[in-house]
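> sequence-free structure coming up:
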């Protein structure tokens, strides 16, 4: 038997390496596209946001070709991995770009594939409040009722609905969870744009008044598809938060390296150096957590680990950025406020950190008081 | 291609030739080293096979299954974690041949003679001198925070060989025989009641020039490499979920339903998440440390480890209420090996205080990250760029 150091890597780790390399190449392509199409100067012009949103998603889906990324090949998708999706989400977070990538490509696209109704090219939206957390059996929005395949009721604060061409609605059917689909142009469907705190991810209130729906799945299939969709979205959101936090850290470091007061650059004050070093450690931890979630191992635990940690790191990074930028961070002209608003809203998106820790308590046997 | 089966085959051959039940422990360990199964990530001929750290797990499982003894790594952590990588990087062939095998087998324990009363965080300020007398260095000075000195056969030593040179340029790194009559070891009792550390007084200690590690004046560079390994060793020691302090405190939580309170619960879960992510991060450091020299970024793992240990141990004492008011034993002892998670909650709390001091304080590590990773300006340093014997100390 011979042992050759050069050949000692196992097949598993070399495939993990090549997939990591693919994710890196993908991230670079997305980063270049965003620098070109969605620079911060455009982001702060709120009147142009819907057009920017469309431009970003057209480029993502058709130029880079990510439509149906997580839908399996045999269902007409690209059969990509959650690591690929996390790499893209990180870049979207870094640019704070408006996009349906998270809500449609990551969350809803593969959900429809899981229930046997794949629509890899559609913009799909899961009609639930954006603060819906994955924890235990999925409960449909209260007041939403289905009578003779006609949907009644309303759902507030839904993300990813403005440009959707298919709405995916969890409903109760004979006491069991079921998944209904309909087009937003169906009779009785009303979409009201909300004035959102995070203007880069607009929220919508939806009302259904006897809107005809198609039931695409029920029972165990529907529950399982919803559970894994939410866990997947938690990981992608965590990856987005890593990108957001990285931008905030880099922007702050760049600022304190050139801004002078008291005859010194700000970055030479140890009070700021230590805060930034702590922030770097936190962003690094968040990166590890999101990456671990994206490998797909232990999905429910890792989704909540990543979501609880990355949400808080993103908010802290954005808050530190605003503070250390000083007055410029309080202006509308500088994009830092958009990052803070997204970080703050996404603290609650897909569940608050405290909800995720509460969920972990059950998953890892640390029972509450 | 080295498969798990290949490695298991190597272990089987070793175990067949040296039956663990009938072979004396040192003899078995020497054979294991010679077979390259001591630390497979190290080079061939140096106890390894040039494989990856991950392959070691396969070997260790097979050895454990065969009832093989281990080299009791906790008893020689300085040797294994710090002296060995430094020897491999800077040692001459003769030095590595002489020292590495008995170091690994634990037949020769190592300690570290770096810190001094006047050189803590500012390690480059060491005042212990080494003066060449023919082909022998004569060493005089005082060292402190030396764990295991009473058991050690050798020490890694940093001493000043040129007091007129710039602070960092006047240092040289040595292997110091601890049986020299000029070496005096006194226990240093600490906050926990025990004396895990020593003060070491060096008076006219004679070190032959062939025990110099690296060039004269290269001591700072060699010591920095050693310390980076120390940070990895202190910050990156866990691999199983809930191993280490989080496991101890999680168990305390599970065993005391009556003591559970909602605020403590959220604090515990927060720390559980932090510990899990720190574990995954240190796996990453460990995987990388096999082939890449540790860098300043790895200091983050140590800062995080210290914070989590301190917050967890404080939570545990609070959780236990009146039970947390007791201490197991204040008797002065000199422990052979240190476990941060050993003994009672009071001990764990007190010992964890050292985690943010030993091997580089958290504050120094934060400076390091700010300057070397983030590229922020260095602290004002009046001592830099001046001859050591002319700086204020």
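That came in fine, so what should we check first? No experiment lies behind these values; they were computed from the predicted model shown. Numbers count the residues shown, from 1 in each chain, chains lettered A, B, ... in the order given.
> can you pull the contacts of residue 83?
Going with chain A. Listed by CB atoms under 8 Å, 6 or more residues apart in numbering or on different chains, the contact partners of residue A:83 are A:19, A:20, A:23, A:291, A:294, A:295. (Each C-beta comes from the backbone N, C-alpha and C, glycine too.)
> if you could check chain B rather than the one you did, that'd help
Contacts for residue B:83 (CB under 8 Å, 6+ apart) come out as B:99, B:103, B:110, B:112, B:154, B:156, B:226.
> and it, how far from chain A?
Counting by CB to the nearest CB, to the nearest Å, the gap from residue B:83 to chain A is 24 Å.
> just residue B:205 next, same as before
Relative to chain A, and taking CB to the nearest CB, residue B:205 is found at 38 Å.
> please apply the same query to residue B:82.
If you measure residue B:82 against chain A using CB to the nearest CB, the figure is 23 Å.
> wait, that residue sits on residue B:226?
Yes: taking CB atoms under 8 Å as the definition, residue B:82 is a contact partner of residue B:226 at 5.0 Å.
> shared neighbours, these two?
Overlap between the contact sets of residue B:82 and residue B:226, as judged by CB under 8 Å, 6+ apart, is given by B:112, B:156.
> longest strand in chain B, please.
When chain B is parsed with DSSP state E, its longest strand is strand B:197-208.
> what's the mean pLDDT across it?
If you average the pLDDT over strand B:197-208, you get 97.
> helices and strands around it, which ones?
strand B:136-143, strand B:171-177, strand B:183-188 (3 or more CB pairs under 8 Å, 6 or more residues apart in numbering or on different chains; DSSP states H and E).
> strands paired with that strand, and their directions?
strand B:136-143 (antiparallel), strand B:183-188 (antiparallel) (DSSP bridges).
> OK, contacts around residue A:102?
Residue A:102 sits next to A:89, A:92, A:160, A:233, A:236, A:237, A:240 when contact means CB under 8 Å, 6+ apart.
> output the helices and strands packed on strand B:197-208 as TSV; include the columns mean neighbour count.
Written out in TSV, the entries for the helices and strands packed on strand B:197-208 read as follows (neighbours: other CB atoms under 10 Å in any protein chain shown):
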stretch	mean neighbour count
strand B:136-143	20
strand B:171-177	24
strand B:183-188	16
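> mind putting those into TSV with distance to residue A:329?
As requested, these are arranged in TSV below (distance: least, CB to CB, whole Å):
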stretch	distance to residue A:329
strand B:136-143	49
strand B:171-177	45
strand B:183-188	49
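> out of these, which gets nearest to residue A:207?
Closest to residue A:207 of the helices and strands packed on strand B:197-208 is strand B:183-188 (CB to CB; 73.8 Å).
> can you list contacts of that closest one?
Outside strand B:183-188, the residues within contact range by CB under 8 Å, 6+ apart are B:144-146, B:149-150, B:176-178, B:195, B:197-203, B:205, B:332, B:334.
> and stretch A:358-366, by the same measure?
Taking contacts as CB under 8 Å, 6+ apart, the residues outside stretch A:358-366 that touch it are A:133-136, A:300-301, A:304-305, A:308, A:351, A:367-368, B:250, B:253-254, B:265, B:268-269, B:272-273.
> among those, the buried ones, what's the ChimeraX command?
Below is the selection syntax for ChimeraX that covers the buried ones among these, with 16 or more other CB atoms under 10 Å in any protein chain shown defining burial:
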select /A:133,134,135,300,301,304,305,308,351 /B:250,253,265,268,269,272,273
